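**Student:** Predicted model and sequence follow; I will ask about them next.
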Amino acid sequence: MDVSKNLATTAQIEEMRITATEVKIAQFLQEQKQATYDEIIEKLGLKKSTVTSKISNLQKEGLIIKNKIKGKTSIKWVGGVPTLESDLQQANTSHMRASVLAESYDRLITDPFSPFSLLFENGCWEVLVNFKEGLTDTEIYKRIGSTTSLDSIRRALVICDTHKIIQIKKIRDPAGNDFVSLFEPLYKIEKLDRELVETLIIIRGLASATRFKMMGMTSEENSHLYKPFLDLVVTMFLGLKERALSNNNSDENELMKCLLNNYDYSIDLDRIFKQHNWRISLKNSENIVLDSKTDHVLVKRAFGDECKKSMVKKVK
């Protein structure tokens, strides 16, 4: 395949954030499968500094990997993104491991807590706060700059789609071996749940305020914006804890302690209790139930309302 024929104008090159030199190197590596820096420099007539920088860009996009062979660095073409695209698409509907070529992928895209990893992973937070209905993956890429790879943006989109934060539409077939097509829009945001995004913003804000507090970075003149919110949440949690542990049912109290510590999945409790069948305790509980559809361990609505009153009372 002659990749260079697909780059008709300079404008197209700039639009896709790849240079003619990068395409030239990519084409050579596709043909050779593997080559050293010296071989690339000699065959393509490029400067060492140029090859080093362009190789770095291709590596960020997951298109190549580096190996040490007899003391020399060898560059191997793996076409990371085309391989990943099919994995991404399948991850929408099945519990499967993402491609081994993408070491930064969550262990499982369908992991219930994978959206929260995006809040603290470098670059992915910028992706999330730039969600807007109608935007494509490449348009988000332009908005946040080249510090976050297109592959990472697509991963964030698929994770958030899987967890109903957004709904995405696939607008083209996987690129296969077409290097240029990798940079054409693959996903488009059809719907956005703004309330869920704002909830994630709050969680990150609380985490930031907590870090500020942990580091002892206090000042009489200045305060973290989320500090009042954090103080209120802590106070409300104490009210929740008091109500949750106020009954005389010892078995239920043990389960409540687990829920308060965020062990609210049946698989969590299976791991914690091991030899003890916690489901027997659940049968004797007045306030705790297991939601068979989600695997969440929940409290009955009436008890939740009591906890809410206790939390509000604590704040007052």
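**Tutor:** Nice, I can see it.

**Student:** going forward, measure contacts and count neighbours with C-alpha atoms only.
**Tutor:** Fine.

**Student:** List the residues that contact the closest residue in space to C307 that isn't next to it in sequence.
**Tutor:** In space, and not counting its chain neighbours, C307 is closest to L240: 5.4 Å by CA to CA, 6 or more residues apart in numbering. The contact partners of L240, taken as CA atoms under 8 Å, 6 or more residues apart in numbering, are 307-308, 310-311.

**Student:** could you redo the last one with a cut-off of 7 Å?
**Tutor:** Shown here is L240, whose contacts under the criterion CA atoms under 7 Å, 6 or more residues apart in numbering are 307, 310-311.

**Student:** between those, which has the most around it?
**Tutor:** Neighbour counts for the contacts of L240 (other CA atoms under 10 Å) peak at M311, which has 23 neighbours.

**Student:** My read is that that one contacts M236, right?
**Tutor:** Yes: with contact defined as CA atoms under 7 Å, M311 and M236 form a contacting pair (4.5 Å).

**Student:** lowest confidence element among the helices and strands of this structure?
**Tutor:** Within the chain, no helix or strand scores below helix 10-15, which has a mean of 39 by mean pLDDT, DSSP states H and E.

**Student:** what's downstream of that one, the next helix or strand?
**Tutor:** Sequence-wise, the next helix or strand downstream of helix 10-15 (DSSP states H and E) is helix 20-32.

**Student:** so how far is that following helix from its chain's centroid?
**Tutor:** Distance of helix 20-32 from the chain centroid (CA atoms, centre = their mean, to the nearest Å) equals 30 Å.

**Student:** elements contacting the helix or strand that comes right after it?
**Tutor:** Per DSSP H and E, the first helix or strand lying C-terminal to helix 20-32 is strand 34-36. Here strand 34-36 touches strand 72-77, going by 3 or more CA pairs under 7 Å, 6 or more residues apart in numbering; DSSP states H and E.

**Student:** What are the contacting residues of the strand it packs on?
**Tutor:** Contacts of strand 72-77 (CA under 7 Å, 6+ apart): 29-30, 33-37, 63-68.

**Student:** Parallel or antiparallel, which strands does it pair with?
**Tutor:** strand 34-36 (antiparallel), strand 64-69 (antiparallel) (DSSP bridges).

**Student:** Can you list the buried residues in that strand?
**Tutor:** When burial is assessed from 16 or more other CA atoms under 10 Å, strand 72-77 yields the following buried residues: 74-77.

**Student:** swap in stretch 113-126?
**Tutor:** Buried residues in stretch 113-126, counted by 16+ other CA under 10 Å: 114-115, 118-119, 123-126.

**Student:** for the residues you listed, which one is nearest H276?
**Tutor:** Nearest to H276 among the buried residues of stretch 113-126 is S114, at 29.4 Å by CA to CA.

**Student:** per-residue confidence for the closest one?
**Tutor:** Among the per-residue scores, S114 shows a pLDDT of 85.

**Student:** Same question for K300.
**Tutor:** For K300, the pLDDT comes out at 94.

**Student:** Return the residues in contact with it.
**Tutor:** For K300, the contact set (CA under 7 Å, 6+ apart) comprises 287-289.

**Student:** Check V299 too.
**Tutor:** Contacts of V299 (CA under 7 Å, 6+ apart): 287-289.

**Student:** Could you point out the helix or strand that follows whatever helix or strand D268 lives in?
**Tutor:** Using DSSP H and E, D268 falls within helix 266-273. Of the helices and strands lying after helix 266-273 in sequence (DSSP H and E), the nearest is helix 278-283.

**Student:** Show residues contacting that next one.
**Tutor:** Contacts of helix 278-283 (CA under 7 Å, 6+ apart): 251-252, 288-289.

**Student:** go on, stretch 185-196?
**Tutor:** Contacts of stretch 185-196 (CA under 7 Å, 6+ apart): 132-138, 165-172.

**Student:** Narrow those residues to those in strands?
**Tutor:** Among the contacts of stretch 185-196, DSSP state E puts 166-170 in strands.

**Student:** are any of the residues you listed buried, and which?
**Tutor:** 166-168.

**Student:** Closest one of these to L225?
**Tutor:** Within those, the smallest distance to L225 is 27.7 Å, found for I166 (CA to CA).

**Student:** per-residue pLDDT, the closest one?
**Tutor:** Listed pLDDT for I166 reads 96.

**Student:** show me the contacts for it.
**Tutor:** 160, 189, 191-193.

**Student:** taking the contacts of helix 278-283 one by one, which sit in strands?
**Tutor:** Of these, the ones assigned to strands by DSSP E are 288-289.
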